[in-house]
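**Q** Sequence unavailable; structure follows:
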């Protein structure tokens, strides 16, 4: 049955790879950029819109602050990129923020960062796919009308692609990522040429709309708070920057140098695209509102619930290229695809981090196991399930999801940068070379500035977004922390309990005696086979055991037992309430109580069946008994299988699958080949019998002679 289910698995994810082919999955920089940096590159598609959405609360007049907010986000982005370049060189093993925090600040700090990163990776998938659905909906209305269904479908496709392996998925992801980056730069370049050289007036489709401010004439502290909130929303452009530091082992050699170069390329591209889109949005007079149906006004009248608000990048592309033009359509499709594929940053980061945490016993060990394609399959599936749940709960609404998003990012940023400052302090204490000390001091200054800046942003994010959904992220991180702590305590407790002692151990001591008990319901072939096996074990004592749930049946069993002359004593347990499991368990416990140093071996005859529905009809009592006996100390459980005729059907199905799966099996004709082999085997056996007969006759003396 497992081999039959293996067929669709091979179709979906491909054939299994040998462990020694892991090196073939390592990535060059041109593939690593879209694999590990697609999230921060694609975030420029929605981060500018988040800034404008917040500023719209004060009306169109607040939009003139957006370029300054964009500059602040760009400075923060370049600072974080420079800081992570230090991490990549100092910790190239792939632990990233988790390793930095755990090594330099202790396991609690490391676990805090891990909790933030795990939640952030789940949010990356949910936000990227939801934003991609909204961008694609500007060209295909059906997608917007069925947002949740389409988003979950995209998650399924991405999961299958990543289960095929990093190298194959990276090659597929590279094309739309590079098309998107090229399209954005063409849009920025062509827009600048039209506006500065040709003097054209480019207008977004919302340029004629007005915004109803939620807070009229905002000023003072309220204005500062609004600007800080807009800045924190724009910091969504920084999500995924840390993924490269977690994915260093996936790069080709020299790993650290290639990862640092890719990180720098990602930062420069993201900053240029982000600032360019904000500038074009201002020049084309893009208008965005958190509640467009009521807050966007056309000639003083709300646009109504039927209005669909397109993202900023779509409006800018329409203003620069023209609605329906080929560049506009190509960029719209590429934007949607790259937002879908931005989730691949999490699909590479989450499983690797999960595997490291599993190795450190903070998560189940199954997350450290590589699948058939040398990817961490269990982590990929777990990430997909969590992201699909979030999308279903929040209706694939990117603006609602983003409120949960940025907290985890800046928690990991801040703690890891503080850890790097501690790392450089430790290195400086031991280093005496002047040139290397200067390099370390410069690196420490970069990380210290990054820690200060990201800590300030973290405070701003918590203050401005806590009531808008950030509290959910804080709660989720706390739950992750508690869960991983509990898992580590469990593994430590089990390891302590199972640790082999240095000296003599009771586990190695030979039991005084072995009592074998064969469970019997009636006398049939499985019972006789189990009795024969029990005799072969040569136990100190051997008895058969049955439970009296039906007087007539039990009497017939005892009579047949005596009539057959079976030399194994049969013990009958009374069961007034017609139970089977409890009397057997109590009897076995009583044997153990009488002789604690003895071992009780319980032998259970079982049927082997060939159809799924037959499992419902047989072996139910045996399964319950085994489940209970496994929790009884000093008891060994042995199953003696007896193959029913239907088990041959399962064997034939497996054989047919093997023949179907064998190369060239169609040409050979498996049934005809098998019949031919059987005939040849019988002929060889007959020839062997004839030879033995002739040899025997030659050895015997003739009749009548001494």
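**A** Here it is on my side, so go on. Remember, it's a predicted structure, so these values are computed and weren't measured experimentally.
**Q** switch to C-alpha atoms for all contacts and neighbour counts from now on
**A** Noted.
**Q** Past the helix or strand containing residue 381, which element shows up next along the chain?
**A** Element membership for residue 381 (DSSP states H and E) is helix 377-394. Downstream of helix 377-394, the first helix or strand assigned by DSSP H and E is helix 398-402.
**Q** which helices and strands does that following helix pack with?
**A** Counting contacts by 3 or more Cα pairs under 8 Å, 6 or more residues apart in numbering; DSSP states H and E, helix 398-402 packs against helix 107-137.
**Q** The helix it packs on versus helix 377-394: what angle between them?
**A** Angle of helix 107-137 versus helix 377-394, following axes from the mean of the first three to the mean of the last three Cα atoms, to 10 degrees, is 60 degrees.
**Q** And the helix holding residue 381, what does it pack against?
**A** Packed next to helix 377-394, using 3+ Cα pairs under 8 Å, 6+ apart, are helix 107-137, helix 147-163, helix 326-359.
**Q** would you list every one of the strands in the stretch 451-600 of the chain?
**A** Remark: strands assigned in the stretch 451-600 of the chain by DSSP state E, counting those that start in this stretch are 514-519, 541-548, 570-574, 599-608.
**Q** quick one: strands adjacent to the first one?
**A** Going back to what we said before, that points to strand 514-519. strand 541-548 (parallel), strand 599-608 (parallel) (DSSP bridges).
**Q** as a whole number, average confidence for that strand?
**A** For strand 514-519, mean pLDDT is 89.
**Q** any idea how the protein splits into domains?
**A** The record's domain split for the chain, according to automatic domain parsing, is 24-292+308-491, 510-661, 665-697.
**Q** Go through the ones you listed and name the closest to residue 298.
**A** Residue 298 lies closest, by Cα to Cα, to one member of the domains of the chain: domain 24-292+308-491, at 5.1 Å.
**Q** how about residue 118, what does it touch?
**A** Contact partners of residue 118, counting by Cα atoms under 8 Å, 6 or more residues apart in numbering, are 350, 353.
**Q** Kindly report the same for residue 127.
**A** When contacts are counted by Cα under 8 Å, 6+ apart, residue 127 touches 396, 398, 401-402.
**Q** on that earlier part again, dump the helices and strands packed on helix 377-394 to JSON lines, plus mean pLDDT and distance to residue 683.
**A** As requested, those are exported to JSON lines (pLDDT from 0 to 100; distance: least, Cα to Cα, whole Å):
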{"stretch": "helix 107-137", "mean pLDDT": "84", "distance to residue 683": "65"}
{"stretch": "helix 147-163", "mean pLDDT": "82", "distance to residue 683": "50"}
{"stretch": "helix 326-359", "mean pLDDT": "82", "distance to residue 683": "57"}
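**Q** can you tell which of those is closest to residue 443?
**A** Taking Cα to Cα, helix 107-137 is the member of the helices and strands packed on helix 377-394 nearest to residue 443, at 21.2 Å.
**Q** starting at the chain centroid, how far to the closest one?
**A** Averaging C-alpha positions (Cα atoms, centre = their mean, to the nearest Å) puts helix 107-137 12 Å from its chain's average.
**Q** same deal with stretch 298-307?
**A** Counting by Cα atoms, centre = their mean, stretch 298-307 is centred 43 Å from the centre of its parent chain.
**Q** go on, stretch 46-62?
**A** Distance of stretch 46-62 from the chain centroid (Cα atoms, centre = their mean) equals 35 Å.
**Q** now do stretch 271-289
**A** Distance, stretch centre to chain centre, for stretch 271-289: 35 Å (Cα atoms, centre = their mean).
**Q** for that stretch, which positions count as buried?
**A** Within stretch 271-289, the residues that count as buried by 16 or more other Cα atoms under 10 Å are 271, 273-289.
**Q** Repeat that for stretch 410-428.
**A** Applying 16+ other Cα under 10 Å to stretch 410-428 flags 410-424, 428 as buried.
**Q** Sort out for me which of the residues you listed are in helices.
**A** By the criterion of DSSP state H, membership of those in helices covers 410-424, 428.
**Q** With respect to residue 159, which of the residues you listed is nearest?
**A** For these, the minimum distance to residue 159 (Cα to Cα) is 25.4 Å, reached by residue 412.
**Q** tell me the contacts of that closest one?
**A** Applying Cα under 8 Å, 6+ apart, we find residue 412 in contact with 97, 112-114, 116-117.
**Q** nearest to residue 521, of these?
**A** For those, the minimum distance to residue 521 (Cα to Cα) is 54.7 Å, reached by residue 114.
**Q** Skip the chain neighbours and tell me the closest residue to the closest one.
**A** Once flanking residues are discounted, residue 114 sits nearest to residue 98: 5.6 Å by Cα to Cα, 6 or more residues apart in numbering.
**Q** And for that neighbour, the neighbour number?
**A** Here the number of neighbours of residue 98 (other Cα atoms under 10 Å) works out to 27.
**Q** That one: which element?
**A** Residue 98 belongs to helix 96-105 when assigned by DSSP H and E.
**Q** So what touches that helix?
**A** Under the criterion Cα under 8 Å, 6+ apart, residues 87-88, 91, 107-111, 113-114, 242, 245-246, 412-413, 415-416, 418-420, 422-423 lie in contact with helix 96-105.
**Q** residues of that helix that come out buried?
**A** Under the neighbour-count criterion of 16+ other Cα under 10 Å, helix 96-105 has 96-105 buried.
**Q** now those residues in CSV, with distance to residue 293 and pLDDT?
**A** Converted to CSV, the buried residues of helix 96-105 look like this (distance: Cα to Cα, whole Å; pLDDT from 0 to 100):
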residue, distance to residue 293, pLDDT
96, 44, 74
97, 42, 81
98, 44, 83
99, 47, 83
100, 47, 86
101, 46, 88
102, 48, 86
103, 51, 87
104, 51, 88
105, 49, 89
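**Q** how would you label the closest residue to residue 484 other than its chain neighbours: helix, strand or coil?
**A** The shortest distance from residue 484 to any non-neighbouring residue, by Cα to Cα, 6+ apart, is to residue 362 (4.8 Å). Under DSSP: H, G, I helix; E, B strand; the rest coil, the three-state class of residue 362 is coil.
**Q** Mean neighbour count and distance to residue 63 added to the strands of the stretch 451-600 of the chain, as CSV?
**A** Output for these, formatted as CSV (neighbours: other Cα atoms under 10 Å; distance: least, Cα to Cα, whole Å):
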stretch, mean neighbour count, distance to residue 63
strand 514-519, 22, 82
strand 541-548, 19, 84
strand 570-574, 16, 86
strand 599-608, 21, 74
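**Q** for the ones you listed, which one sits closest to residue 76?
**A** With Cα to Cα, the closest approach to residue 76 among those belongs to strand 599-608: 65.5 Å.
**Q** pLDDT of the closest one, averaged?
**A** Averaged over strand 599-608, pLDDT sits at 85.
**Q** tell me how far it is from the chain's mean position?
**A** Put simply, strand 599-608 sits 39 Å off its chain's centre (Cα atoms, centre = their mean).
**Q** Stretch 143-159 now?
**A** For stretch 143-159, the separation from the chain centroid amounts to 18 Å (computed by Cα atoms, centre = their mean).
**Q** contact partners of stretch 470-486?
**A** Contacts of stretch 470-486 with the rest of the structure, by Cα under 8 Å, 6+ apart, involve 111-112, 115-116, 119, 362-363, 403-405, 407-408, 462.
**Q** Cool, thanks, signing off.
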